[in-house]
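K.L.:
Here is a sequence together with a model predicted from it:
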Amino acid sequence: MRVAVVVVTYNSAAVLPGLLRSLDEGLSGLDWGLYVADNNSADDCVAIARELVPGCHIEQTGRNAGYAAAFNAALRVADPYDAVLILNPDVRLKPGSVAELAARLEKPGVGIAVPRILGEDGHVAYSLRREPTVGRALGEAVLGQRAGRFPALGETVLDREAYFTDGTADWATGAVMLMSRACLEACGPWEERFFLYSEETEFALRARDRGFVTELVADAEVVHIGGESRVSPALWSLLTVNRVRLYRMRHSAPASAFYWSAVFLREASRAALGHQRSRRAVTALVRPATLPFPPLN
């Protein structure tokens, strides 16, 4: 299987070397090529990529174009491939992990394969998600993260055993995703209007609409040294607003109004407790133009 490996970078020099050094063992047994889509970084991440992976392709977007736009730019110049692996710069592949994912794409109906993700401390990261609904947004507003224990009330899958058993999910966090060529061709490019966050959600749900499921491969394991705990108030605001925008793309105006209200309730209740991220998110939900990112279309 020929795999196009796409890494989107933006001032990623501090974390990129660890990922690049893990590629050979992580992709063992596969024919692969690396495509670094760089969003006008001011650091040395491009030079690092060229040094550690000679012959890799560097695609310069010329601006901070966002995650989806950079991914699409790399894909447009990729050599013929059977599957595409997108990786965050702060991921480290375990040996043989991608071959496990690739084998799963041979299963009929599977368009996206994802691994079990571990944090730096070795604990399982809860990376599987359920489709956004008004009920789940309200459940999270009332119960917080604990809502994920109940499928009808939470988006995050909190059943630890689910991460040690192969199975499907509505979507999964986009730090590591292997997508088949058939899935990408049927679904088209990633949605660039999100800039950052929700683009992987939208793509996975769009893929499911077209008959391609997302499946966890329990024997494939990677480490992600970033995560939600390091998301700044500005990024949390963008994440929150994009959740609402994604819901609005897929549902009616009345349903979207209920969803916005549930998300607002969640952030407002936490803002009242002094959470700075939620204070910024409340402002962004009311006035999206205050986000320090490109205008939302």
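P.N.:
That came in fine, so what should we check first?

K.L.:
the strands in this structure, which residues?
P.N.:
2-9, 31-38, 57-60, 83-87, 91-93, 110-118, 128-129, 167-169, 171-172, 176-180, 213-224 (DSSP state E).

K.L.:
ranges for the helices of the chain?
P.N.:
16-26, 45-52, 67-77, 97-104, 134-143, 181-187, 199-209, 233-250, 253-271, 276-286 (DSSP state H).

K.L.:
Between these, which one is closest to residue 174.
P.N.:
Closest approach to residue 174 among those (CB to CB): helix 199-209, 3.0 Å. (Glycine included, C-beta is placed from N, CA and C.)

K.L.:
quick one: that closest one to strand 83-87, angle?
P.N.:
Angle of helix 199-209 versus strand 83-87, following axes from the mean of the first three to the mean of the last three CA atoms, to 10 degrees, is 150 degrees.

K.L.:
And helix 199-209, what does it pack against?
P.N.:
In terms of contacts (3 or more CB pairs under 8 Å, 6 or more residues apart in numbering; DSSP states H and E), helix 199-209 is packed against strand 110-118, strand 171-172, helix 181-187, strand 213-224, helix 233-250.

K.L.:
worst average pLDDT in the ones you listed?
P.N.:
The weakest mean pLDDT among these belongs to helix 233-250, with a mean of 93.

K.L.:
Show residues contacting that one.
P.N.:
Contact with helix 233-250 is made by 132, 193-198, 201-202, 205, 231, 255-256, 259-260, 263, 267, 276-281, 283-285, 288, 291-293, 296, as judged by CB atoms under 8 Å, 6 or more residues apart in numbering.

K.L.:
Please write out the alpha-carbon positions of it in CSV.
P.N.:
These are the backbone C-alpha positions of helix 233-250, laid out as CSV (Å, rounded to 0.1, in the frame of the first residue of the first chain):
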residue,chain,number,x,y,z
PRO,A,233,-8.7,30.6,25.6
ALA,A,234,-8.5,31.9,22.1
LEU,A,235,-8.4,28.4,20.6
TRP,A,236,-11.1,27.1,22.9
SER,A,237,-13.3,29.9,21.7
LEU,A,238,-12.7,28.9,18.1
LEU,A,239,-13.3,25.2,18.9
THR,A,240,-16.6,26.2,20.6
VAL,A,241,-17.9,28.4,17.8
ASN,A,242,-16.9,25.8,15.2
ARG,A,243,-19.0,23.2,17.0
VAL,A,244,-22.0,25.4,16.5
ARG,A,245,-21.1,26.2,12.9
LEU,A,246,-20.8,22.5,12.1
TYR,A,247,-24.2,21.7,13.6
ARG,A,248,-25.7,24.6,11.6
MET,A,249,-24.3,23.2,8.4
ARG,A,250,-26.1,19.9,9.0
